[in-house]
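Engineer: Could you look at this predicted model? Sequence included:
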Amino acid sequence: MTQKDDLVYVRQMIDHAAKAVAKLAGKTRDDLENDEDLRFVVLHLVQIVGEAARHTCPAFQQAHPHIPWKRHHRYAAQDRARLSRHQSSHPLGRRPN
């Protein structure tokens with residue numbers, strides 16, 4: 001992987017994080033919890049950030065220690081788990097794909 005590839009992933013991280021922030025502008029936690037579409041959009045955007053972070057090479061991550069790389073990986077995994085728990089707790093059970 002080249003540094004150019006890593007910069008593409010970092011650009012994806014920045015772009016998708018900005019989109020998540022924009023989607024949440026003016027929203028409350030209740031809005032997020034009660035609006036399934038908003039929740040899915042934000043979770044998807046955060047997952048993209050985590051996946052892009054995961055794809056950057058270790059040398060690039062070490063060269064940029066100010067970025068909390070592991071936290072991005074962990075958040076993506078936690079978001080997938082939250083989404084699964086929410087779907088399985090739905091009154092009608094897990095929704096079909």
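Structural biologist: That came through, no problem.
Engineer: Let's check: the centremost residue of the protein is which one?
Structural biologist: Val46 (1.4 Å; CA atoms, centre = their mean).
Engineer: In terms of pLDDT, where does that residue sit?
Structural biologist: On pLDDT, Val46 comes in at 89.
Engineer: what about the helix or strand that contains it, distance to the chain center?
Structural biologist: Using DSSP states H and E, Val46 falls within helix 36-55. Put simply, helix 36-55 sits 3 Å off its chain's centre (CA atoms, centre = their mean, to the nearest Å).
Engineer: Which neighbouring elements make contact with the following helix or strand past it?
Structural biologist: Once helix 36-55 ends, the next helix or strand along the chain (criterion: DSSP H and E) is helix 58-63. If contacts are counted by 3 or more CB pairs under 8 Å, 6 or more residues apart in numbering; DSSP states H and E, helix 58-63 sits against no helix or strand. Placement of C-beta: from N, CA and C, glycine included.
Engineer: Give me the contacts around helix 58-63.
Structural biologist: With CB atoms under 8 Å, 6 or more residues apart in numbering as the test, helix 58-63 has contacts from Gln3, Asp6, Ile67, Trp69.
Engineer: Could you do stretch 17-32 as well?
Structural biologist: Asp35, Leu38, Arg39, Val41, Val42, Leu45, Val46, Val49.
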